[in-house]
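Visitor: 3D, please:
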Amino acid sequence: MIYVCTVSRTTDHDGSSSVKSENISFRLHKDHLDRLREEAKEKRISLNTLASQIIDSYVNYNSNLSNADVIPVSKAILIALVEACSEDQLKAKAEQVQRKATIDLALQLRGKYDFEAIVDIFDSWLRATGFPHRHDKDSENNRHNFIIQHDMGRKYSFFAAECFKAYFEPLATRKVEYTIMDNIVAITVEG
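Guide: Have a look, this model is predicted:
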C-alpha cells in the first residue's frame, strides 16, 4: 500500500479556518473502486465525497457498534416483530429497551451522555440506515426536527416514534413531540 499525506487547512464559509484535513492516497482493488465510482455517480456526488461519507460513518458510528451491543437486523424481521405486537406492548418495549441502551450507546460512541451527543448519534444512525430523512435545526432554541421515511408500515412508525421519544426525553428540555404516518415518522426535540 502506498500513501501520500499532506496537511491542509479548510476554510469555512465565513472565512475562518477551523477544520484540518489531510490528503491521503490508498491502493484499492479495482472492482471495489469501480463499485464506489458507480455509487458516487448514482448519488450524483464526487468519489471524494462518498469516501468521506463512508469514513465518517465508520469513525462516528459503525466502528464501536459491537461494543454497544448493536447488530444489523433486516427490515423484514423488524416488520414481523412489530406486527405481532399491540401498540401497548410496543410502547412498553420501546421505553424498557431504549432508556437502558441510550446511555451505554452514547458512552461507547461519543464518550459522553448529553443532548448534543445523542443528536449526533441519531444523525449518524439515520445516515447508516439509508432511510431518506431530513434534519432541520433551530439553533436559537436548540430544537431539532427530524422527518424519517422508513417504508415499514404504521406499526413500525409507532414503535420507532416511541423509541425516539424514549431516546431523547431524558435530556430534552421540552416534551418530545411526534407525528406518525404509514411510512414516515416526524419528531421534534429540544435540548
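
Visitor: May I ask which helix or strand encompasses the one residue sitting closest to the centre of the chain?
Guide: Most central in the chain under CA atoms, centre = their mean is residue 125, positioned 2.0 Å from the mean C-alpha point. Using DSSP states H and E, residue 125 maps to helix 115-129.

Visitor: quick one, whichever helix or strand comes after that helix and helix 115-129 angle?
Guide: Next helix or strand after helix 115-129 toward the C-terminus (DSSP H and E): strand 133-138. Interaxial angle of strand 133-138 relative to helix 115-129 (axes from the mean of the first three to the mean of the last three CA atoms, to 10 degrees): 160 degrees.

Visitor: give the contact list for the residue nearest to the centre of the chain.
Guide: Contact analysis of residue 125 by CB atoms under 8 Å, 6 or more residues apart in numbering lists residue 61. Using the backbone N, CA and C atoms, a C-beta is placed for each residue, glycine as well.

Visitor: Contact partners for the closest residue in space to residue 136 that isn't next to it in sequence?
Guide: Spatial nearest neighbour of residue 136, chain neighbours left out: residue 145 (4.5 Å); criterion: CB to CB, 6 or more residues apart in numbering. By CB under 8 Å, 6+ apart, the residues touching residue 145 are 134, 135, 136, 137, 138, 186, 187, 188.

Visitor: if you set the cut-off to 10 Å instead, what comes out?
Guide: 134, 135, 136, 137, 138, 177, 186, 187, 188, 189, 190 (CB atoms under 10 Å, 6 or more residues apart in numbering).

Visitor: ok but it is inside a strand, no?
Guide: Yes. Using DSSP: H, G, I helix; E, B strand; the rest coil, the assignment for residue 145 is a strand.

Visitor: Can you point out the buried residues in the helix or strand that residue 158 is a member of?
Guide: Element membership of residue 158 [criterion: DSSP H and E] is helix 154-168. If you call a residue buried by 16 or more other CB atoms under 10 Å, then helix 154-168 has these buried ones: 155-168.

Visitor: most surrounded residue in the contacts of residue 145?
Guide: residue 189 (26 neighbours; other CB atoms under 10 Å).

Visitor: nearest residue to that one other than its sequence neighbours?
Guide: residue 168 (4.4 Å).

Visitor: do the same with residue 98
Guide: residue 166 (3.8 Å).

Visitor: Could you check how far the one you found is from residue 31?
Guide: Going from residue 166 to residue 31 by CB to CB, to the nearest Å gives 43 Å.

Visitor: just residue 179 next, same as before
Guide: Applying CB to CB to residue 179 and residue 31 gives a distance of 44 Å.
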